[in-house]
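Participant: Sequence unavailable; structure follows:
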């Protein structure tokens, strides 16, 4: 048999005659006898073109051939160019690109949720959201996309595993249905998980499908909106780190430059020590925008106090003494050294040449029938006499370890003149005031502000007292050689009192102490007398003092209240105060509970592992990639024998037969299919 290339001269599309079946022939004719070329007419279609270009001799055809069967086929591949779209579709269909793309889409959505939540975490709820989309709506949309994108690789991998399930050995045909149900939803996934007893790779996919049901609740639990104090209009309380006052000087009548007492400090201490009316122990005025505010624990520079009982050091007697305490004492310049007065009561240094009356009363003689005069009911003694710079008991009885005190003093008191005349034993304490830092907890509840001192700290470094003095021309010149610096243990912040401010503080107390509270008789008005000059001109100021603040039996608490009042004055001093910010009004804020993101991340990671494991196993079995395709099932489905075994008039019958029919995936004549085992 001869064949002729019908594509010569490029007159026809690319196809070739593969076989000419001649049912009957006599002798073969030559090419020139059989074909006649007539190109005078333009072909209009394939059939016409074929006849016009290669019209056979009809007579010879009728004579030589009774029947001719022409078979032609397009060459596979050939020279036809595959389009980009077709190439991409083939990659998506025969590979796993779409599944990886879906997994990446799910990962991007979950990452997007985490990124936005991280940006808004612990932020105040905004008054308006970008594009009007709330955080919950954003999470809802992205979580839905993530959930359904994650289902694509899981379902396709389960679909591929149903083919692989039958590749190794025969299995019951009903198992094919179980795998198919697992790709349709959670119920089928649960059935497959129970059937396989969680021992196969498909169990991982079924578990992912089941756990995906919890994704929506987990995403919804991510965001909460609790209440917290607002950062706007935050509460404010003052503290002091560097205390520096106006230390200006003026000239007294003798043209001697004198450091003026600081008005703020003098008012704070003076009202506490000299006023008889009740006054607030704290002058702190906090700012709080609402009815409740809280502040973090903070430290501030301040003044601390300590007291110890010295009542056993007092002795009763009727002795001669200097009488400085008397309200009618006539000061002169210079003060005479030979003035003596008779008094009865409780003395310091009773056996010494210079006894010091602390409580008692004046008499006109030392005899038993002497007449009682005015009574000393309270005395506050400065251990450093500012008039003479004389130091009593080396400036302290019990607090010698405090090198640079502001003031050491002794307080002795009885309730009133009647107690003094009855020789009632007084309450006596030594107290000291010194620079310190205070650790404070503050809060404002229902319109009431309160503070609590958690701890205090003072310098314990041994050094020389920086307070020095020099007597020149009947004038005492003072100096304070260094700043007071306090650095609490374990901290880097240093609190400072300027040296001249420290000196000015000492001078302020020198104007208030010594202090005496007296009564002329039992029914007379109580008088308060205080020494209030710093130079050698001695003067005294007497005030009516109807209610003796020093008559309290709790002297330590009284001194602590004094220290608190002065500390508050320091904290609010202009130029030496800084604000501690606390809470403000309540606001809603965004709080992210990150633990609820654990399940989505686990499912995302498990899906990737499941997909990669399925791909690896498919390549090992080398059966092709069919996944969940229905067309693959139609093309590579059951063989005829299996169909006969499966046939039934009812669906139940089909299911029942499938439970007994075993098939295996086999390669037969280049075709993969389910064969009856």
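Facilitator: Cool, got the structure. These numbers were taken from a predicted model, which means no experiment stands behind them.
Participant: now the residue nearest the centre of the chain, what's its secondary structure?
Facilitator: With distances taken as CA atoms, centre = their mean, the residue of the chain nearest its centroid is residue 122 (7.3 Å). Taken by DSSP: H, G, I helix; E, B strand; the rest coil, the conformation at residue 122 corresponds to coil.
Participant: Burial check on residue 435, number of neighbours?
Facilitator: Residues lying near residue 435 (other CB atoms under 10 Å) number 24. In short, each C-beta sits where N, CA and C put it, glycine included.
Participant: Now for it: which residues touch it?
Facilitator: By CB atoms under 8 Å, 6 or more residues apart in numbering, the contact set of residue 435 is 301-304, 404, 406, 458-459, 484, 486, 497, 502.
Participant: ok, what's across the strand from it?
Facilitator: For residue 435, the beta-bridge partners are residue 303 (DSSP bridges).
Participant: Quick check: it vs residue 153, distance?
Facilitator: Per CB to CB, to the nearest Å, residue 435 is found 72 Å from residue 153.
Participant: repeat for residue 424
Facilitator: Residue 424 is 96 Å from residue 153, by CB to CB.
Participant: packing partners for the lengthiest helix in the chain?
Facilitator: Across the chain, the longest stretch assigned as helix under DSSP state H is helix 135-165. Where contact means 3 or more CB pairs under 8 Å, 6 or more residues apart in numbering; DSSP states H and E, helix 135-165 is packed against helix 97-120, helix 174-182, helix 201-211, helix 215-220, strand 223-224, helix 598-621.
Participant: elements contacting the following helix or strand past it?
Facilitator: The helix or strand immediately downstream of helix 135-165 is strand 171-172, counting by DSSP states H and E. Under the contact definition 3+ CB pairs under 8 Å, 6+ apart, strand 171-172 sits against strand 662-668.
Participant: which stretches of the stretch 351-500 of the chain aren't confidently modelled?
Facilitator: Within the stretch 351-500 of the chain, the stretches with pLDDT under 70 are 365-370, 387, 471-476.
Participant: go on, the stretch 1-150 of the chain?
Facilitator: For the stretch 1-150 of the chain, the ranges with pLDDT under 70 are 1-82, 87, 92-93.
Participant: burial measure for residue 313, as a count.
Facilitator: Neighbours of residue 313 under the rule other CB under 10 Å: 18.
Participant: Include mean neighbour count when you put the helices and strands packed on helix 135-165 into JSON lines, please.
Facilitator: As requested, the helices and strands packed on helix 135-165 are arranged in JSON lines below (neighbours: other CB atoms under 10 Å):
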{"stretch": "helix 97-120", "mean neighbour count": "17"}
{"stretch": "helix 174-182", "mean neighbour count": "20"}
{"stretch": "helix 201-211", "mean neighbour count": "22"}
{"stretch": "helix 215-220", "mean neighbour count": "16"}
{"stretch": "strand 223-224", "mean neighbour count": "16"}
{"stretch": "helix 598-621", "mean neighbour count": "17"}
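Participant: Out of these, which is closest to residue 288?
Facilitator: Closest of the helices and strands packed on helix 135-165 to residue 288 is strand 223-224, at 26.3 Å (criterion: CB to CB).
Participant: May I have the strands that pair with that closest one, each with its orientation?
Facilitator: strand 591-592 (antiparallel).
Participant: any idea how far residue 581 is from residue 514?
Facilitator: 43 Å.
Participant: neighbour count winner among those two?
Facilitator: Higher neighbour count among residue 581 and residue 514: residue 514, with 20 against 14, using other CB under 10 Å.
Participant: re earlier: neighbour-wise, which of residue 424 and residue 153 wins?
Facilitator: Neighbours around residue 424 and residue 153, counted as other CB under 10 Å, are more numerous at residue 153. The numbers are 26 against 16.
Participant: Run through the residues that contact that one.
Facilitator: Applying CB under 8 Å, 6+ apart, the residues near residue 153 are 96, 99-100, 102-103, 607, 610-611.
Participant: try 6 Å
Facilitator: 99, 102-103, 607, 611 (CB atoms under 6 Å, 6 or more residues apart in numbering).
Participant: Then residue 94?
Facilitator: Contacts for residue 94 (CB under 6 Å, 6+ apart) come out as residue 625.
Participant: How about residue 238?
Facilitator: 571-572, 577.
Participant: What about those residues, which are in strands?
Facilitator: Using DSSP state E, no member of the contacts of residue 238 sits in strands.
Participant: From these, which land in helices?
Facilitator: residue 571.
Participant: quick one, domains of the chain?
Facilitator: 8-73, 90-224+593-676, 242-581 (automatic domain parsing).
Participant: Scan the contacts of residue 435 and report the most crowded one.
Facilitator: Each of the contacts of residue 435 was scored by neighbours using other CB under 10 Å; the highest score is residue 497's, at 26 neighbours.
Participant: Residues in a beta bridge with that residue, which ones?
Facilitator: Under the criterion used here (DSSP bridges), residue 497 is bridged to residue 243, residue 484.
Participant: Give me the distance between it and residue 483.
Facilitator: 6 Å.
Participant: do the same with residue 565
Facilitator: 24 Å.
Participant: swap in residue 617?
Facilitator: Counting by CB to CB - residue 617 and residue 483 are separated by 80 Å.
Participant: which residues in the stretch 351-500 of the chain form strands?
Facilitator: All strands of the stretch 351-500 of the chain, identified by DSSP state E, counting those that start in this stretch, fall at 356-363, 372-382, 384-385, 390-391, 407-413, 427-445, 448-457, 467-472, 475-480, 484-486, 495-497.
Participant: Can you tell me which of those is nearest to residue 212?
Facilitator: Checking these against residue 212 by CB to CB gives strand 427-445 as the closest, at 48.3 Å.
Participant: how big is the angle separating that closest one from strand 372-382?
Facilitator: Angle of strand 427-445 versus strand 372-382, following axes from the mean of the first three to the mean of the last three CA atoms, to 10 degrees, is 60 degrees.
Participant: May I see the buried residues of strand 427-445?
Facilitator: For strand 427-445, the neighbour count (16 or more other CB atoms under 10 Å) marks 427-438, 440, 442-444 as buried.
Participant: next one: stretch 395-406
Facilitator: 395-399, 402-406.
Participant: Tabulate the residues you listed (CSV), appending distance to residue 286.
Facilitator: Putting the buried residues of stretch 395-406 into CSV (distance: CB to CB, whole Å) gives the following:
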residue, distance to residue 286
395, 38
396, 36
397, 39
398, 36
399, 33
402, 31
403, 35
404, 31
405, 31
406, 27
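Participant: ok, how many other residues are close to the nearest residue to residue 105 once chain neighbours are set aside?
Facilitator: Excluding its sequence neighbours, the residue lying closest to residue 105 (CB to CB, 6 or more residues apart in numbering) is residue 149, at 4.2 Å. Neighbourhood size, residue 149 [other CB under 10 Å]: 20.
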